[in-house]
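Enquirer: Provided below are the primary sequence and the corresponding predicted coordinates.
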Amino acid sequence: MEEKINIRKVALTVLDRIEAAGQYSNIALDSAIARSGASGADKALLTTLVYGVIERKITLDHIINSMSSLPPSKIEATSRNVLRMGLYQLAYLDRIPDHAAINESVSLVNKRSKGFVNALLRNFIRDDKKISLPPEDDRVKYLSVKYSVSEGICERFCRDFGSERAEEIISAMNEQPSITLRVNTLKISREILLEKLTSVGISAEKTKYSDVGIRLAAKTAYSDIPGGDEGLWFVQDEASQICASVLGAEKGENVIDSCACPGGKSFSIAMCMENEGFLKSFDLHENKLSLIRSGADRLGIDIIETAEKDGRIFDEALDGSADRILVDAPCSGLGVIAKKPDIRYKDMRDIDRLPEIQLSIAENCLRYLKNGGIMVYSTCTVLPAENEENAEKLLKNHPEIELVPFEIGTLKAENGMLTLYPDKSKTDGFFIAKFRKIK
């Protein structure tokens, strides 16, 4: 008889590894799933526990520190992860009985820690699972604990948007995002794919702005979506679909995607080109380019040529060669916090170094653009320093370019720049600026 997997023990191992070794959560989790052989409901619970604890870590630690009989520094790392996991189940999961969450948590710690863990979790229940937040007049700390986002990020959002607007944006980033598909229009129309999805009981609707997207319920299992193996769709947020549409690549053109991995925007651009023309997809890391090649094969795209290239370094062979260029610059990712929980804890010092790198890539890529050509600069963040401020610097430094107004559905960018916010557009947080080379 096959031995049952102790999913909470596997989750604890993943959390300990992330904490001790600084591994990215998706890498540590994928490795644990492969080693344990978890599938179905076990895999779903493992994923929920790991990502749930990471997403709510600051809030969970606030509960632990405020209720602990020990000073925070005296709580062992493994015991803290067990408490985080136990509290997450008690506070945020409805389907797990309280007694099961407590008993399973206690079973994961050593003998000397069992009483401590048991008492803290039971006290949380006796206190009606109340989470006492910092006072609201300390906005940065209040937002950080309430939404489990670092104080540095909360402080920057408050500075850039004001505290009220900052909370609206951060709150939206705590909502579970829906799944959005980009229809492979080389193989199927959106209408026919919608029919295929609804015929098997999948709740699906057209995206609001993109004319090639389909939005599914957040909890749809990828394995349940028909047509994946045949390359009828790939997962891509509506914001990224909008970005590719704004670029407006046409068949027969010479197009560059300068920071292409993992490849979604290259695939969308190729589909806009009807798989006719030349699309060069570059990335700084050669090992990531295989994702583009394998994805293109599955989708039936054969116009993509990949190459390892640093977007900041000029390649004379590309001088003045491109009709259109996408600079989807490496960024802080603060628009996709809902999908990548590790981003919640990014160091602002690392983020503050990005605008200079982004601007350097964009300025270099301008040299590849033909006269009359179009360049789109985009990021998946909402910070002005990475977005509008960089676009203005490009204009100031380069009189040979101008911003181009654009419309996508009901979205209008009359000044050639558009910021999508997750609370308003129900997409990733995203920025798009469209430039034309005029001389």
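Expert: On my side now, so go ahead. Numbers count the residues shown, from 1 in each chain.
Enquirer: give the contact list for residue 334.
Expert: Neighbour list for residue 334: 153, 343, 346, 351, 381, 382, 383, 429 [criterion: Cβ atoms under 8 Å, 6 or more residues apart in numbering]. The C-beta positions use only the backbone N, C-alpha and C, and glycine is treated the same way.
Enquirer: Need these in a markdown table (columns: distance to residue 185).
Expert: Supplementary listing: the contacts of residue 334 in a markdown table, determined by distance: Cβ to Cβ, whole Å:
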| residue | distance to residue 185 |
| --- | --- |
| 153 | 37 |
| 343 | 31 |
| 346 | 35 |
| 351 | 36 |
| 381 | 28 |
| 382 | 29 |
| 383 | 33 |
| 429 | 26 |
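Enquirer: so who does the closest residue to residue 207 other than its chain neighbours touch?
Expert: On the basis of Cβ to Cβ, 6 or more residues apart in numbering, the spatially nearest residue to residue 207 that is not a chain neighbour turns out to be residue 213, at 3.3 Å. In this structure, residue 213 makes contact with 180, 181, 182, 183, 190, 206, 207, 236, 238, 241, judged by Cβ under 8 Å, 6+ apart.
Enquirer: ok, now with 10 Å
Expert: With contacts defined as Cβ atoms under 10 Å, 6 or more residues apart in numbering, the neighbours of residue 213 are 180-183, 190, 205-207, 233, 236-238, 240-242, 245, 268, 427.
Enquirer: Write the ChimeraX selection for whichever of these are buried.
Expert: What follows is the ChimeraX syntax selecting those of those that are buried according to 16 or more other Cβ atoms under 10 Å:
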select :180,181,182,183,190,207,233,236,237,238,240,241,242,245,268,427
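Enquirer: Among the contacts of residue 213, which ones are in helices?
Expert: Assigned to helices by DSSP state H, the following of the contacts of residue 213 qualify: 190, 238, 240, 241, 242, 245, 268.
Enquirer: Sort out which one of the residues you listed lies nearest residue 110 for me.
Expert: Distance ranking of those against residue 110, using Cβ to Cβ, places residue 240 first at 46.5 Å.
Enquirer: so where is this structure shaky, pLDDT-wise?
Expert: For the chain, residues meeting the criterion pLDDT under 70 lie at 1-3.
Enquirer: how's it carved up into domains?
Expert: Recorded structural domains for the chain (assignment: automatic domain parsing) are 7-126, 139-172, 181-235, 242-437.
Enquirer: buried residues in the second one?
Expert: Residues 139-150, 152-158, 161, 166-167, 169-170, 172 are the ones in domain 139-172 that count as buried (16+ other Cβ under 10 Å).
Enquirer: And what about residue 374, helix, strand or coil?
Expert: Three-state call for residue 374 (DSSP: H, G, I helix; E, B strand; the rest coil): strand.
Enquirer: ranges for the strands of the stretch 301-439 of the chain?
Expert: Using DSSP state E, counting those that start in this stretch, the strands found in the stretch 301-439 of the chain span residues 304-308, 322-328, 369-379, 401-403, 406-408, 411-413, 417-420, 430-437.
Enquirer: which strands and helices sit next to the fourth one?
Expert: For strand 401-403, the elements it packs on are strand 369-379, helix 388-397, strand 430-437, judged by 3 or more Cβ pairs under 10 Å, 6 or more residues apart in numbering; DSSP states H and E.
Enquirer: and among the ones you listed, the most buried is which?
Expert: Scoring the helices and strands packed on strand 401-403 by mean neighbour count under mean count of other Cβ atoms under 10 Å gives strand 430-437 as the most buried, with a mean of 24.
Enquirer: Check the offset of that strand from the chain's centre.
Expert: Strand 430-437 has its C-alpha centroid displaced from the chain centroid by 21 Å (Cα atoms, centre = their mean, to the nearest Å).
Enquirer: Give me the angle between that strand and strand 322-328.
Expert: 150 degrees (axes from the mean of the first three to the mean of the last three Cα atoms, to 10 degrees).
Enquirer: Neighbouring strands - and their directions - for strand 430-437?
Expert: When pairing is defined by DSSP bridges, strand 430-437 lines up against strand 369-379 (antiparallel), strand 401-403 (antiparallel), strand 417-420 (antiparallel).
Enquirer: and the angle for it with helix 388-397?
Expert: Compare the direction of strand 430-437 with that of helix 388-397 by the same axes, to 10 degrees and you get 10 degrees.
Enquirer: picking up where we left off before, any chance of TSV for the domains of the chain, columns distance to residue 132?
Expert: Conversion of the domains of the chain to TSV gives the following (distance: least, Cβ to Cβ, whole Å):
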stretch	distance to residue 132
domain 7-126	6
domain 139-172	9
domain 181-235	29
domain 242-437	21
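Enquirer: Can you give me the distance of the residue nearest in space to the middle of the chain to residue 237?
Expert: Using Cα atoms, centre = their mean, the residue of the chain that lies closest to the mean C-alpha position is residue 336, 3.6 Å off. Counting by Cβ to Cβ, to the nearest Å, the gap from residue 336 to residue 237 is 8 Å.
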